[in-house]
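> what's the 3D shape of this:
(2 chains)
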Amino acid sequence: MLAVDDTPENLDVVKGILTPEYVVKVAINGPMALKIVEKQPPDLILLDIMMPGMNGYEVCSRLKSNPETSEIPVIFLTAMDQTSDEASGFELGAADYITKPVNPPILEARVKTHLALKVSMDELNKAYGIIKVQKDRMEDELNVGRDIQMSMLPLEFPAFPDRDELSVHALLKPAREVGGDFYDFFFVNEDEICLVVGDVSGKGVPAALFMAVTKTMIKTRAMDDRSPASIITRVNDEMSADNPSCMFVTLFVAICNVRTGEFRFTNAGHNPPYMKRASGALECLDQRHGPIIGAVEELAYKESKTTMLSGDTVFIFTDGVTEAMDTDSQLYSEHRLENILGMTKCSTVENLVNETLASVESFADGAEQADDITILAFCLNEDPEQSTRHQTQLVIDAELSEIEKVNQELDAFAKELEVPGSIIKKLKIAIDELVTNIISYGFDEGDDHSIELSFICSDEQLVVEIIDEGVPFNVFDAAKPDTTLSIEEREIGGLGVLLVNELIDEVAYQRRNNTNVVRLTMNLRNN
Amino acid sequence: MEIAVREASGVNILKFSGSLDTNTSQVAEIEVNNLLAAGHDKVLFNFEELDYISSSGLRVLLATAKKLKVSGGLMKVCSLNAVVQEVFDISGFAGILSLASNEEEALASF
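Got it, this is the predicted structure:
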């Protein structure tokens, strides 16, 4: 330590008290003290105030204003014993203030305390330095992860400016810590586009790398394999065979034929996307085809099929949307998403994506985004030049006698569009069966009810939707009758649903906004 | 739906036109039951002009077939169009009912 005093006797006293326990250097004036400090900074300085030339206050304030020396504790040692003197000493940043004549045990005790404090401070500062280095390194790593993630995504929109028949828009808003989301879309041939959205389970650089591998693998597979189920099955085999880090990824892969509207998809543990129909109806594509990717080897994933007509939009997203939290830790949830998707009359997919993100952000209200948010919307555009889509709707009372009205409307609709008679006959049978079912079992007694029917026709397909507000009931869950029994054994029950299933090319049931929706699709090309 | 009933070589021929569905099956059932009640036990359903049939129409056919089986009578169906034939195939009725491609063939087999 360093003792500074213009009176050598005083220095001798201090030295006498503190030696041999401490090494005590001495200075007899301010400038000399500063020079010693600069050469070899002591752990502690004992400083007299009243000195000719540069007084103790000034020495102290110079030490404190230099970052190199500002941390060295200074104890004023002086004969000035006014409270105001003491206060000005502390104001300058002094650690302590001892009045003369010096009481040896007090001086020793205070020196000891301040040296211990200094040691602790030094350790703290050292630890802080280590933490800062680590923190910087982690942030660098986060940036590396984010760079990998973002560099893998197609970010240029419009994505296919020369393809008027479709639009696609997507965005990924990364969380502070990389969450491993990704999306992709690419044509696998002239007519078929592949849409991919995934979410890797981990975070940081490992998640980003896993995401990059998965995305690359899907694209490679998709180029020589037109089945989402088969693509996902093969990717899963490769990912789970060699997965020491036990990372997983949820995946939704779809292949849409933009000419026919055929939309095949496989969902591997991912959030169910939505299909926003041109009619305004919102369907949840809630079929699941297997677990997350990377968990179990040699699984055969399945796939489902629906049809997109012009004006229909598919909306694929990750759980960063539905699990976004507000400041009270409430989740954004599916019902808010369904509301915004159902309400928004968006002119473009870009608007739909942006409005959804805006809704999530306004809900979060500044709460920190915990997970990546990814949204992809894909739409088959209506062709303004050659409108090939026809649609009509009717609402009937829930009475059997009303079925005739439906038949007449369907005849009129079909005649105009020259739909083959056999297709209309099959649809009439299906409508007869389904409407009869709804009227017989769907409603509680007493009230008046209605049933809504839509006919939608494109070049490729004729679709009939039957919508009722009856009790939730999926008619296609009914057990199949045994059609091999003899006349005596034969019961008639269940035949209607069997006929619908067999006569209609594609049947689907959905519970949609408190209604049962049955969708019957007849292909017009190969019938 | 309309049903024209006539008799030829001891067989009652019911010629259907239109559709046999929820709303028309009841009428058909009454018509058929009247015939059976009058003691006729040979019945031919001629579907030449029938557009389509739904499960309620099949129900009438099954009920009739069951009654005639008990009474020792005979029932045949002829002249199915492609969609009605498909419905018969799906439901298994093609296997349990006696089908003929036209009225002449059907009458000859009674």
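
> ok, residue A:478 - how many residues close by?
When neighbours are counted by other Cβ atoms under 10 Å in any protein chain shown, residue A:478 registers 15. Glycine gets a C-beta too; all of them are placed from N, C-alpha and C.

> which residues does the closest residue in space to it that isn't next to it in sequence contact?
In this structure, residue A:478 finds its nearest non-sequential neighbour in residue A:497, 4.8 Å apart by Cβ to Cβ, 6 or more residues apart in numbering or on different chains. Counting by Cβ atoms under 8 Å, 6 or more residues apart in numbering or on different chains, residue A:497 touches A:433, A:437, A:475-476, A:478.

> quick one, which of the residues you listed are buried?
A:433, A:437, A:475 (16 or more other Cβ atoms under 10 Å in any protein chain shown).

> inside strands: which ones of those residues?
Assignment to strands by DSSP state E places none of the buried ones among the contacts of residue A:497 there.

> would you format the residues you listed as a markdown table with pLDDT and distance to residue A:270 included?
Converted to a markdown table, the buried ones among the contacts of residue A:497 look like this (pLDDT from 0 to 100; distance: Cβ to Cβ, whole Å):
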| residue | pLDDT | distance to residue A:270 |
| --- | --- | --- |
| A:433 | 94 | 35 |
| A:437 | 90 | 33 |
| A:475 | 83 | 28 |
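
> list the contacts of the residue of chain A found nearest chain B.
Nearest residue of chain A to chain B (Cβ to the nearest Cβ) works out as residue A:483 at 3.1 Å. Residue A:483 makes contact with A:498, B:90-92, B:95, according to Cβ under 8 Å, 6+ apart.

> so which pair among those residues is furthest apart in space?
A:498 and B:95 (14.5 Å; Cβ to Cβ).

> more neighbours: those two, which one.
residue A:498 (20 against 13).

> quick one: the more buried one and residue B:89 touch, right?
No - Residue A:498 is not in contact with residue B:89 according to Cβ atoms under 8 Å; the separation is 11.4 Å.

> which residues touch residue 85?
Because you didn't say which chain, this covers chain A. With Cβ under 8 Å, 6+ apart, residue A:85 has these contacts: A:49, A:78.

> that answer is for a different chain, and I need it for chain B
By Cβ under 8 Å, 6+ apart, residue B:85 lies in contact with residue B:94.

> per-residue pLDDT, it?
Looking at residue B:85, its pLDDT is 96.

> give me the buried positions along the helix or strand it falls within.
Assigned by DSSP states H and E, residue B:85 belongs to helix B:82-91. Applying a neighbour-count criterion of 16+ other Cβ under 10 Å, the buried positions in helix B:82-91 are B:83-84, B:86-88, B:90-91.

> and the helix or strand encompassing residue A:111, how far out from the chain middle?
Secondary structure assignment for residue A:111, by DSSP H and E: helix A:104-151. Remark: helix A:104-151 is offset 34 Å from the chain centroid, using Cα atoms, centre = their mean, to the nearest Å.

> beyond it, next helix or strand please.
Downstream of helix A:104-151 (by DSSP H and E), the next one is strand A:166-173.

> put the alpha carbons of that following strand into PDB.
In PDB, the C-alpha atoms belonging to strand A:166-173 read as follows (Å, rounded to 0.1, in the frame of the first residue of the first chain):
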ATOM      1  CA  LEU A 166     -51.100 -19.200 -57.600                       C
ATOM      2  CA  SER A 167     -49.700 -17.000 -55.000                       C
ATOM      3  CA  VAL A 168     -47.600 -17.900 -52.000                       C
ATOM      4  CA  HIS A 169     -46.300 -15.800 -49.100                       C
ATOM      5  CA  ALA A 170     -44.400 -16.700 -46.000                       C
ATOM      6  CA  LEU A 171     -42.600 -15.100 -43.100                       C
ATOM      7  CA  LEU A 172     -40.500 -16.200 -40.200                       C
ATOM      8  CA  LYS A 173     -40.100 -13.900 -37.200                       C
END
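
> please name every helix or strand in contact with that strand.
On a contact count with 3 or more Cβ pairs under 8 Å, 6 or more residues apart in numbering or on different chains; DSSP states H and E, strand A:166-173 meets strand A:181-187, strand A:192-200, helix A:349-364, strand A:373-380.

> wasn't the residue nearest to residue A:478 part of a helix?
Yes - applying DSSP: H, G, I helix; E, B strand; the rest coil, one finds residue A:497 inside a helix.

> center of chain A - which residue?
residue A:320 (2.4 Å; Cα atoms, centre = their mean).

> model confidence over the strand or helix carrying it, on average?
Following DSSP H and E, one finds residue A:320 within helix A:319-322. Mean per-residue pLDDT for helix A:319-322: 94.

> same question for stretch A:130-141.
Averaged across stretch A:130-141, the pLDDT comes to 82.

> mind listing what's buried in it?
For stretch A:130-141, burial by neighbour count (16+ other Cβ under 10 Å) applies to residue A:141.

> try stretch A:340-355
Quick answer for stretch A:340-355 (16+ other Cβ under 10 Å): A:340-341, A:346, A:349-350, A:352-354.

> beyond the helix or strand hosting residue A:87, next helix or strand please.
Counting by DSSP H and E, the element that carries residue A:87 is helix A:83-91. Going down the chain from helix A:83-91, the next helix or strand is strand A:96-99, by DSSP H and E.

> distance check, the residue nearest in space to the middle of chain B against chain A.
The C-alpha lying nearest the average C-alpha coordinate of chain B belongs to residue B:45 (Cα atoms, centre = their mean; 3.1 Å). To chain A, residue B:45 is 15 Å away according to Cβ to the nearest Cβ, to the nearest Å.

> for chain B, which spans come out with low pLDDT?
Scanning chain B for pLDDT under 70 picks out no residues.

> so who does whatever residue of it ends up closest to chain A touch?
Closest approach between chain B and chain A, counting by Cβ to the nearest Cβ: residue B:92, at 3.1 Å. By Cβ under 8 Å, 6+ apart, the residues touching residue B:92 are A:483-485, A:490.

> of these, which is the most crowded?
Neighbour count (other Cβ under 10 Å) singles out residue A:490 as the most crowded of these, with 20 neighbours.

> hang on, that one is in a strand, isn't it?
No - if the criterion is three-state DSSP, then residue A:490 is coil and not within a strand.

> if anything else comes up later, I'll come back, but that's it for now.
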